[in-house]
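Colleague: predicted structure and sequence below. I'll ask about it afterward.
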Amino acid sequence: MTGTSRRAPGRVPAVWPTYLWADAAALGALLAVGVLGLHSTFAGDWHFLLAGLGGIAVGLVLAAVAARHRLGVLLTMALAVLAYLVFGSALAAPGQAIAGVLPSLESLRVILAGVVLSWKQLLTSAAPVGVGNGLLVVPFLGAYVGALLAGTMAWRLRNPAWAVLPAAALFLLATAMGTHQTSFAAVRGMLFVAIAVAWLAFRRHATAAPTAVVRHEASPSLASSGVRLHRGLSGVLILAVAGAVALAASPVLSASSTRLILRDAVVPPLDLRDYASPLATFRDYVKNQKETKLLAVTGLPAGARIRLATLDSYDGVVFDVYGSGSSNFSPISNAAAIGSARIQSAGPAASSTANQAGTTPVQVTVEAYKGVWLPSSGNLQSVDFGGARASQLDDSLFFNAATDTAITTARLQGGDTYHLGVAYPSLPTDSELAQAEFAAVVLPPVESVPQIVAAKANEIVGDSSLPIERVRKLEAALSKQGAFSHGLDGEVRSMSGHGAQRIASMLNAKQMVGDDEQYAVAMALMARELGIPARVVMGFYPDPKEPQQSGTVEITGNDVHAWVEVAFAGAGWVPFNPTPSEDNVPIPPDPEPRSKPQPQVLQPPPPPQPPVELPPDSAPDAQDAEQNEQGFWGFLGPILLAIGLGLIPVAVLLLPLLLIAWLKLRRRKRRASGGSAADRISGGWSEIMSTATDLGTRVPAGATRRENAANLAEAFPATSSTTMLLAHRADKAIFAAGDPTDEDIRAFWTDVDSSLQQMTGSVGFWQRQRAKFSLRSLAEGGVRSQLRALLASLWHSGRDT
């Protein structure tokens, strides 16, 4: 045996039993520094730290055992999987484990599925995340694998410096999967570098000391002092350089709004195009659900409003949530910490935060309300679902911190209950906003806005320069000069919808007539045309003129409203109400002067006409008639007469059916080829509604295409996506600028035929036959008009022949 320090590849170093604890302490500290990068993601919850440190301990112990007994790769991997299953339940899924420690079938399912799914779920959940749904698998598995690799490299490779790589990878991974509010990034970076350099210097000194003594046997004291001095100076120099590098990199590692993290690149799976804009159903609330109890709200402060959805994108047809701001909904894994999610991701104008009070508890009981939009209030801090569907609603919750809007894809229905933690900030006064500028927020561009909107806005604002003054002028012009009408029975005619044509007609009229839907959209569009950051909010609040109910407030369809919010720097989004008072009804038009009828003059009767004489040949010849009766027809006549008489009842039964089929065929041809390009597109949608009516689906009178599409989606689930898409395409083709091409019309009708086949294919054979000869759609289109068209067609065909 010689004194050399060289060893065969793969053998356990002779030094590792002596310095095992020093290596374990150094590697554990490096890995722990990396795990701390997830501190802000879990809001400092101690469960994530326990999972990370537990994974480090299990990984290092397994690496030491494998190195001590020189286990092969396959056996080490098998033990690693077994240790993951045994310790993972207690550290990564304590909520599903037996007594929080022992593995169960549910805990094993969570940690096994978490190997693949937990990473994406962590990135797509709004921070801070909770500790359920397998999210603790991320810190446990990351620390466990990193510790196993680091220990194996430190105790089984020639150069222990390789062990720093897994620890550095964990450090970078935790930082990338964190949030913009990373905790002590610079301090952790310097600490990581200092520990790594100190440990590597220690290991180098421990392995190189025997060789140095052999080489300097003649002067051991001189050699020892020289080596120590050289290494001490080297260590000081390395630590100084590492500290300088860490301090220089601290602006990159520290929290800032420009630092890139993985969750910025991961798009949440929620696609809001699957849901119609709630503003499209505004008129349905006041028309069909005016007295219907939608919600029962307990704890709602006086003057507070219930927010349903915030809308910031306009395409000339509908205000919706497709924009980059309001469509940024993230899944919420910890509904009790939504307020912290706002701090993590909301912009400077996400909400009014000045003079914000404490959290107010509000309880909501769902009665007749149905939909994905979660009614909330104020600045939402937490949501706690109750009832039988609590878990389902909680797992399907999405939240947009910039707009204080929440969605549950499981859809609320009668009987659901939930508790809200709400903060109500005090609204700034006009004097406080006198010196405030508009906030610099990013909103999607509005499209297909009528020219009258910008012209009217500039006319109203004039030369006003103060931001609050400009907004107040827009609000006052609409609320004081306009008239209010829902267009219901007994009210002045007021069309529903808020497309470009509806807004242009209202602003061009001698007297503006509409309700919250039109006035809120008109003000938001005028503000956006002036460069003012504005958006539309739809929600509910009781009539402020009525006394505030104590205790539980019952919300009905008559309480639906829409208003405008404008972003001010330092104050957030401030609400404005451009809708006129409901007492401000339209002035009826002046009656037209009645014409005075002239007295009738008796006219003389026409002179008598001479009788018409028939020619002799026109009288039938009795002899010829007798001969005809005895001919060929005299034999077949009785037979054909009997058959004809027998077919009369059949003809009587079939004639109406044939007439109905012919009328529907003629109606389809007229819709597909008659009128303008927009009329043919509209005819395609009318064909869908006629078929749905014949199949027994109730079509509400006065509903918009998107409202009807939502009804058809419930009646015919197989065609939900197709009908909603056709409704969007029809609205865009009719109301947008320009006419659709013939190719667009043919493609639209092809999709209409496909949708009709899906609708009729979803019902039975006999129901299809009844629908084919049903009079429902003809009755809605006017049977008299159909018959007049039939008679006119027959008359012209007779004249042509």
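Modeller: That came through, no problem.

Colleague: got any ranges where the stretch 501-650 of the chain has weak pLDDT?
Modeller: The stretch 501-650 of the chain contains residues with pLDDT under 70 at 547-550, 588-603, 612-642, 644-650.

Colleague: which parts of it are strands?
Modeller: Here the stretch 501-650 of the chain has its strands, by DSSP state E, counting those that start in this stretch, at 513-514, 534-540, 552-556, 560-568, 572-576.

Colleague: Leu272 is nearest to which of these?
Modeller: strand 534-540 (14.4 Å; Cβ to Cβ). C-beta: built from backbone N, CA, C; applies to glycine.

Colleague: same for that closest one, what does it pack against?
Modeller: strand 306-311, helix 516-529, strand 560-568 (3 or more Cβ pairs under 8 Å, 6 or more residues apart in numbering; DSSP states H and E).

Colleague: helices or strands up against the second one?
Modeller: Read it as helix 516-529. Using 3+ Cβ pairs under 8 Å, 6+ apart: helix 516-529 touches helix 282-288, strand 313-314, helix 451-461, helix 467-481, helix 500-508, strand 534-540, strand 560-568.

Colleague: can you redo these as TSV with distance to Ala22 and mean neighbour count?
Modeller: Shown next, in TSV, are the helices and strands packed on helix 516-529 (distance: least, Cβ to Cβ, whole Å; neighbours: other Cβ atoms under 10 Å):
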stretch	distance to Ala22	mean neighbour count
helix 282-288	70	21
strand 313-314	60	25
helix 451-461	73	17
helix 467-481	64	19
helix 500-508	74	19
strand 534-540	60	25
strand 560-568	57	25
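
Colleague: reformat the ones you listed as CSV; add distance to Gly299.
Modeller: What follows is the helices and strands packed on helix 516-529, written out as CSV (distance: least, Cβ to Cβ, whole Å):
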stretch, distance to Gly299
helix 282-288, 23
strand 313-314, 33
helix 451-461, 39
helix 467-481, 30
helix 500-508, 37
strand 534-540, 15
strand 560-568, 20
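
Colleague: in the lengthiest strand in the chain, what counts as buried?
Modeller: With residue count as the measure and DSSP state E as the assignment, the chain has strand 356-366 as its longest strand. Across strand 356-366, burial judged by 16 or more other Cβ atoms under 10 Å covers Thr359, Thr360, Val362, Gln363, Val364, Thr365, Val366.

Colleague: now for these, which pair is the farthest apart?
Modeller: Across the buried residues of strand 356-366 (Cβ to Cβ), the longest gap, 21.8 Å, separates Thr359 and Val366.

Colleague: for the nearest residue to Leu30 once chain neighbours are set aside, give me phi and psi.
Modeller: Counting by Cβ to Cβ, 6 or more residues apart in numbering, Leu30 lies nearest to Ala167, which is 3.9 Å off, once chain neighbours are set aside. Taking degrees, to the nearest 10, you get phi -70, psi -40 for the backbone angles of Ala167.

Colleague: for burial, what's the neighbour tally of Glu437?
Modeller: Neighbourhood size, Glu437 [other Cβ atoms under 10 Å]: 12.

Colleague: please renumber the chain so that the first residue is 16 from this point on.
Modeller: From this message on, residue numbering opens at 16, which makes the last subject Glu452.

Colleague: for it, give me its contacts.
Modeller: By Cβ atoms under 8 Å, 6 or more residues apart in numbering, the contact list for Glu452 reads Pro482, Phe583, Ala584.

Colleague: now do the helix or strand harbouring Glu722: distance to the chain's middle.
Modeller: Taking DSSP states H and E as the definition, Glu722 sits inside helix 720-730. In terms of Cα atoms, centre = their mean, to the nearest Å, the centre of helix 720-730 is set 18 Å apart from its chain centre.

Colleague: and if you look at stretch 567-574?
Modeller: That offset, for stretch 567-574, works out to 25 Å (Cα atoms, centre = their mean).

Colleague: give me the pLDDT value at Ala223.
Modeller: What the model reports for Ala223 is a pLDDT of 61.

Colleague: what's the answer for Arg124, then?
Modeller: For Arg124, pLDDT reads 88.

Colleague: tell me who's in contact with the nearest residue to it once chain neighbours are set aside.
Modeller: Ranked by Cβ to Cβ, 6+ apart and with sequence neighbours excluded, the top spatial neighbour of Arg124 is Gln111, at 7.9 Å. Gln111 is in contact with Ser104, Ser119, Glu121, Ser122, Arg124, Val125, counting by Cβ under 8 Å, 6+ apart.

Colleague: report the buried members of the residues you listed.
Modeller: Ser104, Ser122, Val125.

Colleague: sort out for me which of the residues you listed are in helices.
Modeller: Counting by DSSP state H, the buried ones among the contacts of Gln111 place Ser104, Ser122, Val125 in helices.

Colleague: give me the distance between the last one and Leu678.
Modeller: Counting by Cβ to Cβ, to the nearest Å, the separation of Val125 from Leu678 is 62 Å.

Colleague: repeat for Ser735
Modeller: Going from Ser735 to Leu678 by Cβ to Cβ gives 30 Å.

Colleague: cool, Ile602 as well?
Modeller: 43 Å.

Colleague: between the two, which is the more surrounded one?
Modeller: Leu678 (19 against 11).

Colleague: host element of that one?
Modeller: In this structure, Leu678 sits in helix 647-688 according to DSSP H and E.

Colleague: OK, contacts around Leu540?
Modeller: Leu540 touches Tyr329, Val461, Val464, Val468, Ile518, counting by Cβ under 8 Å, 6+ apart.

Colleague: and the second one, what does it touch?
Modeller: This means Val461. Ser328, Tyr329, Leu540, Arg543, Glu544.

Colleague: ok, these vs Leu172, which is closest?
Modeller: Using Cβ to Cβ, the contacts of Val461 come closest to Leu172 at Ser328, 56.7 Å.

Colleague: that closest one and Phe334 touch, don't they?
Modeller: Yes. Using Cβ atoms under 8 Å, Ser328 is in contact with Phe334, at 7.0 Å.

Colleague: find residues that contact each of the two.
Modeller: In contact with both Ser328 and Phe334: no residue, using Cβ under 8 Å, 6+ apart.

Colleague: Ala95: neighbour count?
Modeller: As a measure of burial, Ala95 has 18 neighbours, counting by other Cβ under 10 Å.

Colleague: sorry, wrong one. I was asking about Ala158.
Modeller: Neighbours around Ala158, by other Cβ under 10 Å: 30.

Colleague: now the one 5 residues further on
Modeller: Using other Cβ under 10 Å as the criterion, Leu163 is surrounded by 26 other residues.

Colleague: let me see the contact set for it.
Modeller: By Cβ under 8 Å, 6+ apart, the contact list for Leu163 reads Gly74, Leu75, Leu77, Ala78, Ala95.

Colleague: for these, which one is nearest Phe591?
Modeller: In terms of Cβ to Cβ, no member of the contacts of Leu163 lies closer to Phe591 than Gly74, at 58.1 Å.

Colleague: show me the residue sitting in the middle of this protein in space.
Modeller: Nearest to the mean C-alpha position of the chain, by Cα atoms, centre = their mean, lies Leu287 at 3.2 Å.

Colleague: how close does that one sit to Leu412?
Modeller: 15 Å.

Colleague: repeat for Val301
Modeller: Noted for Val301: a distance of 29 Å to Leu412, by Cβ to Cβ.

Colleague: quick check: Ile760 touching Gly698?
Modeller: No. Judged on Cβ under 8 Å, Ile760 makes no contact with Gly698 at a distance of 9.4 Å.

Colleague: quick one, which of the two is more surrounded?
Modeller: Legend: neighbour count by other Cβ under 10 Å for Ile760 and Gly698, higher for Gly698 (24 against 21).

Colleague: report the inter-axis angle for whichever strand or helix holds the more buried one versus helix 720-730.
Modeller: For Gly698, the enclosing helix or strand under DSSP H and E is helix 692-709. Using axes from the mean of the first three to the mean of the last three Cα atoms, to 10 degrees, one finds that helix 692-709 and helix 720-730 are set 30 degrees apart in direction.

Colleague: for helix 692-709, packing partners?
Modeller: Looks like helix 692-709 contacts helix 647-688, helix 720-730, helix 735-750, helix 757-776, helix 780-787, helix 791-796 (3+ Cβ pairs under 8 Å, 6+ apart).
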